[in-house]
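1. Could you look at this predicted model? Sequence included:
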Amino acid sequence: MANAVLKALVLASTQRSFHRRIFHLSTNKLKSLRSDISTSNLQTYKRKQRTQKSHFSMAAVSVSGKKPITQVIFDMDGLLLDTEKFYTQVQEIILARYNKTFDWSLKAKMMGMKAIEAARVFVNETGISESLSAEEFLVEREEMLRDLFPTSDLMPGASRLIRHLHAKGIPVGLATGSHRRHFELKTQGHRELFSLMHHVVLGDDPEVKQGKPSPDIFLAAAKRFEGGPVDSQQILVFEDAPSGVLAAKNAGMSVVMVPDPRLDSSYHATADQILGSLLDFNPSDWGLPPFEDVEN
Ligand SMILES: O=P(O)(O)OC[C@H](O)CO
Ligand SMILES: [Mg+2]
């Protein structure tokens, strides 16, 4: 029975009319599932099905029909703006003073969080909390960051996607762990683009009691759309950080993750779709209006 269902899914994957989102998830995984079927290796398939539970269940849900996506929420740092590199740079400088190095396993735990939450992770995980408190770390980091943030560049495909959704009447919101002061510095060169957001929810918003991976920020963002709260199942979130992906899933939303290639791939499993860049996003995968320009 399971094999029959899988065969139907694989067949559908070759027919592009089917929801392509499922197959965007991982071409390699799909290829290996195909080979399992051709050898009728049900054992192998069952084992893979267990390890790829999220991918398979996504497919099953799509077959039975999911609610259409009507609203989109974007993360900001590392997703729309190339600002994660500034945090990395500054944190490397601070840690070097303690003869320690900053690596991506620590980065993965900090990114997406509110500043004070990330600062606590930083001083505790690196074992420097006796010498530098989370609060002192933030003061020191701040001096360097405030000069870097105004130079923030957009990530590839960010402008194109926001403008496209806005032009097609899909309401877009922003949910960032950044507090107001940092948000203003980071977006000062991109005001017009960010003005296309229906609303912005920041890390220091009173409704955001806890930062990502708590769902607070995404639930607050869902409430603020016209006629909100919007049903979480109809919201598509774009995220780059493990904590952000978890927050969106905790809020009951679908998530497209655009991870930094240096992030360990074990963090990909929670997301519904993984992309190398926003330029790779195909709106049709999610039932959203397709791009009219193919080159941009
Ligand atoms: O990724 P964001 O936009 O939630 O920002 C979170 C922090 O400010 C940076 O990791
Ligand atoms: Mg981010």
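-> Here it is on my side, so go on. Ligands and ions are numbered 1, 2, ... in the order given.

2. Now do the contacts for the residue nearest the centre of the chain.
-> Geometric centre of the chain, nearest residue: E239, 1.3 Å, by Cα atoms, centre = their mean. Counting by Cβ atoms under 8 Å, 6 or more residues apart in numbering, E239 touches 75, 79, 112, 245, 247-248, 255-258, 271. C-betas here are computed from N, CA, C, even on glycine.

3. what are the C-alpha coordinates of stretch 244-251, in CSV please?
-> Taking C-alpha atoms only, stretch 244-251 is exported to CSV below (Å, rounded to 0.1, in the frame of the first residue of the first chain):
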residue,chain,number,x,y,z
GLY,A,244,13.6,31.1,12.9
VAL,A,245,12.5,28.0,11.1
LEU,A,246,11.5,26.4,14.4
ALA,A,247,9.6,29.5,15.4
ALA,A,248,7.6,29.5,12.2
LYS,A,249,6.9,25.7,12.5
ASN,A,250,5.9,26.3,16.2
ALA,A,251,3.5,28.9,14.9
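
4. on that earlier part again, please list which of the contacts of E239 are also close to ligand 1.
-> Filtering the contacts of E239 for proximity to ligand 1 (criterion: Cβ under 6 Å from any ligand atom) leaves 75, 112.

5. For ligand 2, tell me which of the contacts of E239 show up nearby.
-> 75, 79, 112 (Cβ under 5 Å from the ion).

6. how about the residues you listed in JSON lines, adding secondary structure, pLDDT and neighbour count?
-> What follows is those, written out as JSON lines (DSSP: H, G, I helix; E, B strand; the rest coil; pLDDT from 0 to 100; neighbours: other Cβ atoms under 10 Å):
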{"residue": "D75", "secondary structure": "coil", "pLDDT": "98", "neighbour count": "30"}
{"residue": "L79", "secondary structure": "coil", "pLDDT": "98", "neighbour count": "26"}
{"residue": "G112", "secondary structure": "coil", "pLDDT": "94", "neighbour count": "31"}
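
7. Outside of the longest helix seen in the chain itself, list whatever touches it.
-> What stands out as the longest helix in the chain, according to DSSP state H, is helix 134-148. Applying Cβ under 8 Å, 6+ apart, the external contacts of helix 134-148 come out as 86-87, 89-91, 93-94, 115-116, 119-120, 122-123, 132, 182, 185.

8. hang on, the earlier thing: tabulate the ones next to ligand 2 among the contacts of E239 in a markdown table, adding columns for distance to P171.
-> Formatted as a markdown table, those follow (distance: Cβ to Cβ, whole Å):
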| residue | distance to P171 |
| --- | --- |
| D75 | 16 |
| L79 | 18 |
| G112 | 23 |
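
9. Looking at the residues you listed, which is nearest L174?
-> D75 (7.8 Å; Cβ to Cβ).

10. What is the burial count for P206?
-> 6 (other Cβ atoms under 10 Å).

11. Does it belong to a helix, a strand or coil?
-> Per DSSP: H, G, I helix; E, B strand; the rest coil, the secondary structure class of P206 is coil.

12. quick one, phi psi at L278?
-> phi -60, psi -20 (degrees, to the nearest 10).

13. how close does it sit to A221?
-> Separation of L278 from A221 (Cβ to Cβ, to the nearest Å): 19 Å.

14. between these two, who's got more neighbours?
-> A221 (32 against 22).

15. What backbone torsions are found at that one?
-> Dihedral angles (degrees, to the nearest 10) for A221: phi -60, psi -40.

16. residues contacting it?
-> A221 neighbours (Cβ under 8 Å, 6+ apart): 73, 173-175, 199, 201.

17. quick one: the strands in the stretch 151-296 of the chain?
-> Remark: strands assigned in the stretch 151-296 of the chain by DSSP state E, counting those that start in this stretch are 172-175, 199-201, 235-239, 254-257, 273-274.

18. Tell me which of those sits most buried.
-> Each of those was scored by mean neighbour count; the highest is strand 235-239, a mean of 28, by mean count of other Cβ atoms under 10 Å.
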